[in-house]
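Visitor: Dropping a prediction and its sequence here:
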Amino acid sequence: MVVLAVDYGDTRTGLAKCDREELLASPHMVITERNAFKLAEKITEQAKVLGAEEIVVGNPLNMDGSSGPRSEKCSEFAKLLEETSGIPVVTYDERSTTVSAAYYLNQTDVRGTKRKKIIDAVAAVIILESFLAYKKRKG
């Protein structure tokens, strides 16, 4: 099944997708949009183009596993996205994904403007890879 991952941000939101076999996660795009309703519509459009059957939104829990203000905002957005798209939306722990994405981009010497344009999509790939591994373990 095609799964679309969302790294939700106040300004930039990264999207990643996987193949039907759920083996390969790849960056899709970064959407620059501050309005949550417009963003949900743009993500819905991409989900339909890709044939996504499930959407996973990164949930930035605190390091102790509790929910903070940012986590609550992502959960609210996930609900809005499910209502807008009609596609099942789940949230998944995304602690430190942006830090990991920055590390990977440092290793490949991606810097400056190019880095700013893709870091959110790379973070979405990390969310998606973690989510797909969780699904496989869960059975």
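Guide: Sure thing, it's come through. Numbers count the residues shown, from 1 in each chain.
Visitor: give me the low-pLDDT residue ranges for the protein?
Guide: 96-117 (pLDDT under 70).
Visitor: how about the helices in it?
Guide: 36-50, 69-85, 97-107, 112-138 (DSSP state H).
Visitor: Counting by contacts, list what the second one packs against.
Guide: For helix 69-85, the contact count by 3 or more CB pairs under 8 Å, 6 or more residues apart in numbering; DSSP states H and E identifies helix 36-50, strand 54-59, strand 89-93 as packing neighbours. In short, each C-beta sits where N, CA and C put it, glycine included.
Visitor: Which positions within it qualify as buried?
Guide: 71, 74, 77, 78, 80, 81, 82, 84, 85 (16 or more other CB atoms under 10 Å).
Visitor: Does the first one touch residue 64 like I think?
Guide: So the one you mean is residue 71. No. Residue 71 is beyond contact range of residue 64, at 11.7 Å (criterion: CB atoms under 8 Å).
Visitor: The helices and strands packed on helix 69-85 into CSV, with extra columns for mean neighbour count and distance to residue 4?
Guide: Listed next are those as CSV, based on neighbours: other CB atoms under 10 Å; distance: least, CB to CB, whole Å:
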stretch, mean neighbour count, distance to residue 4
helix 36-50, 17, 5
strand 54-59, 24, 5
strand 89-93, 19, 9
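Visitor: one step back: closest one to residue 30 among the helices of the chain?
Guide: helix 112-138 (4.9 Å; CB to CB).
Visitor: Among the helices and strands packed on helix 69-85, which comes closest to residue 6?
Guide: strand 54-59 (4.6 Å).
Visitor: Adjacent strands (with direction) for that closest one?
Guide: With DSSP bridges as the test, strand 54-59 is paired with strand 3-7 (parallel), strand 89-93 (parallel).
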